[in-house]
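Enquirer: Everything below, folded, please.
(one chain, ligands or ions: 1)
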Amino acid sequence: MKAIILKEAGGVENLVSTEIEMPSPKKGEILIKVKAISVNPVDIKTRKGLGLYNTLKEDGPVILGWDVSGEVIELGEDVTSVEVEEEVFGMVNFPGHGKAYAEYVVAPANHFADKPDQINHAEAAASCLAALTAWQVLTQQLKVQAGEKVLIHAAAGGVGHFSVQIAKYLGAYVIGTGSDANYDFVKELGADDYVDYKNEKFEEVIKDADAVFDTVGGDNPLRSLNVLKKGGRLVAIAGGVTDDVKKIAEAKGLKKASAYLVQSNGDDMEQLAELLEAGTIKPYISKIFSLDQIGEAHKHVETGRTRGKIVINVDGEE
Ligand SMILES: NC(=O)c1ccc[n+]([C@@H]2O[C@H](COP(=O)([O-])OP(=O)(O)OC[C@H]3O[C@@H](n4cnc5c(N)ncnc54)[C@H](OP(=O)(O)O)[C@@H]3O)[C@@H](O)[C@H]2O)c1
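Expert: Predicted coordinates:
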């Protein structure tokens, strides 16, 4: 089968299409014929030798990618939750070796959910790591409640655009940040308010928020402490939370200021599948590339300006 091997950490020229042996499913695993995958910023960081590179390197040739949608073609021992020919999607083996940049992928059956008939494989692949991060952070880490005021940074991005929709579904009053170019997009996702971070300091215009979801990093977590009310919560997923931020958060009487790393979880994927099936959340796909264009897809995500998601059509079908 064809897979994209990362020869060594570095530029996109190190992503090399290679013929390798088909994987076979072990106990609890399934083999998927991949239809579509998606690219996340962690793929780019890992390609450059950051992110999860050191962990993956110890596990043999590095094959990036964690988001998969496809058809089940073989079951490992003890798998009863899915059947051959079913269509499934999921974020596989994260934060381990996902190996999704390939024509076939093996992963634990309990990392997947059934793909809703209402969405195609590209849309399903777009709704894995980014959607799962939004779901786990908003419902399990920030525990957003109806009526709360929630600030979502980078609201037009992969994680952000799902977060706006999920926070609205949870009944929150949602404020998104992004550039002027994404104002209409984020408002159409359901955001109640929007701050153009290039023209305004969000901490000067937002007050008394219950929760902040930061996906930007840098000084954003620190600056975000100013918008939270006493007892408020902050979760930051890009670069974490420094000791300084934790100390200031405590001094301000905040309930939470922490980092989070998304985890593969089929039950959470089922929750997302229900929301996708009902049309409550919808992935936005900026561009679809082929597997041979993986380098171009990386360059696109690397700009940090992606609206929604970038998807790779692996089998060439619609
Ligand atoms: N810890 C975890 O489990 C986890 C999981 C998922 C993602 N992440 C990390 O979270 C970050 C975001 O991921 P993603 O997939 O959402 O990225 P992404 O799709 O590449 O985000 C792109 C978006 O960021 C917006 N943006 C850039 N700078 C901004 C700023 N200063 N303020 C507001 N918006 C800004 C851009 O909007 P404009 O063009 O309008 O500026 C663009 O729409 C990445 O660093 C990723 O590695 C971590």
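Enquirer: remind me which residues of this protein are low pLDDT?
Expert: Residue ranges of the chain with pLDDT under 70: 318.
Enquirer: What parts of it come near the ligand?
Expert: By the rule C-beta under 6 Å from any ligand atom, the part of the chain lying against the ligand is 40-42, 129-130, 133, 153-154, 156-160, 177-179, 181-182, 197, 215-216, 237-238, 260-262, 301, 304-307. Quick note: C-beta positions are derived from backbone N, CA and C, even for glycine.
Enquirer: out of the residues you listed, which are inside strands?
Expert: Under the assignment DSSP state E, the residues of the chain next to the ligand contribute 177-178 to strands.
Enquirer: Can you flag the buried ones in the residues of the chain next to the ligand?
Expert: Neighbour counting with 16 or more other C-beta atoms under 10 Å marks 40-42, 129-130, 133, 153-154, 156-160, 177-178, 182, 197, 215-216, 237-238, 260, 262, 301, 306-307 as buried within the residues of the chain next to the ligand.
Enquirer: mind checking how far S81 is from the ligand?
Expert: From S81 across to the ligand, the span is 25 Å (C-beta to the nearest ligand atom, to the nearest Å).
Enquirer: start at 11 instead
Expert: Renumbered: residue one is now 11, and that last one reads S91.
Enquirer: Tell me the bridge partners for the spatially closest residue to V72 that is not a sequence neighbour.
Expert: Spatial nearest neighbour of V72, excluding adjacent residues (C-beta to C-beta, 6 or more residues apart in numbering): L16 at 4.2 Å. L16 forms beta bridges with L25, V72, as assigned by DSSP bridges.
Enquirer: separation between L16 and V115?
Expert: Remark: distance between L16 and V115 (C-beta to C-beta, to the nearest Å) = 16 Å.
Enquirer: Tell me which of those two has more neighbours.
Expert: V115 (28 against 22; other C-beta atoms under 10 Å).
Enquirer: Verify the stated contact: the more buried one with V44.
Expert: Yes. Between V115 and V44 a contact is recorded at 5.5 Å, counting by C-beta atoms under 8 Å.
Enquirer: Overlap in contacts, the two.
Expert: 78, 80 (C-beta atoms under 8 Å, 6 or more residues apart in numbering).
Enquirer: any idea how far the nearest residue to E133 once chain neighbours are set aside is from the ligand?
Expert: Nearest non-adjacent residue to E133, counting by C-beta to C-beta, 6+ apart: P293, 5.1 Å away. From P293 across to the ligand, the span is 12 Å (C-beta to the nearest ligand atom).
Enquirer: Could you report the neighbour count for P293?
Expert: Around P293 there are 23 residues (other C-beta under 10 Å).
Enquirer: How about the one 10 residues further on?
Expert: The tally of other residues near Q303 (other C-beta under 10 Å) stands at 15.
Enquirer: closest point of this structure to the ligand, which residue?
Expert: Across the chain, no residue is closer to the ligand than G167, which sits at 2.5 Å (C-beta to the nearest ligand atom).
Enquirer: beta partners of V116?
Expert: Following DSSP bridges, V116 is listed with bridge partners L41.
Enquirer: ok, back up a step: the residues of the chain next to the ligand in helices, which ones?
Expert: Among these, DSSP state H puts 51-52, 139-140, 143, 168-170, 311 in helices.
Enquirer: can you put those in CSV and add distance to F122?
Expert: Shown next, in CSV, are these (distance: C-beta to C-beta, whole Å):
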residue, distance to F122
P51, 23
V52, 19
L139, 13
A140, 16
T143, 17
G168, 20
V169, 20
G170, 24
V311, 23
